[in-house]
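Asks: Could you work out the structure for the sequence below:
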Amino acid sequence: MQGIYTILLLIVSNIFMTFAWYGHLKLQEMKVISNWPLFAVILFSWGIALAEYSCQIPANRIGFSGNGGPFSLMQLKVIQEVITLIVFTIFTTLLFKGEALHWNHLAAFICLILAVYFVFMK
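Replies: Below you'll find the model as predicted:
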């Protein structure tokens, strides 16, 4: 169960992270925060990032083998990166209509899947 909790927390964490890093671009495009000064946008993103950290830190603590979890640090990092790219791809293709997936993106995803395979290989 620790592995499932870890992955679920990493997914939630990465949803918040993606909104903190890139959501302000969509809000600017929608004219919601287009008049905000940069420091206000940064503070807004930091607020969202606090939610991200509130999920990321427990995910790493629960999942880390040094704390009784099922994953090594390397495995945690690779899992997190794959989740980040999946969440980012969904976010980008749904919210930014000018962005599209191309063959090279799919090739990169295949490389990431291979990275997961190799990092879990004994």
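Asks: Compute the mean per-residue pLDDT across the longest helix along the chain, please.
Replies: Selection of the longest helix in the chain by residue count, based on DSSP state H, yields helix 38-63. Confidence for helix 38-63, expressed as mean pLDDT, is 95.
Asks: Which strands or helices does that helix pack on?
Replies: Here helix 38-63 is seen to pack against helix 2-18, helix 24-29, helix 73-95 when contacts are counted using 3 or more C-beta pairs under 8 Å, 6 or more residues apart in numbering; DSSP states H and E. Yep, even glycine has a C-beta here, placed from its N, CA and C like the rest.
Asks: try 7 Å
Replies: helix 2-18, helix 24-29 (3 or more C-beta pairs under 7 Å, 6 or more residues apart in numbering; DSSP states H and E).
Asks: So what's the residue count around Leu76?
Replies: Neighbours of Leu76 under the rule other C-beta atoms under 10 Å: 20.
Asks: you'd agree it is up against Ile62?
Replies: No. Using C-beta atoms under 7 Å as the test, Leu76 is too far from Ile62 to be in contact (10.1 Å).
Asks: how about low-confidence regions in this protein?
Replies: The chain contains no residues with pLDDT under 70.
Asks: got the angle for the longest helix of the chain vs helix 73-95?
Replies: 130 degrees (axes from the mean of the first three to the mean of the last three C-alpha atoms, to 10 degrees).
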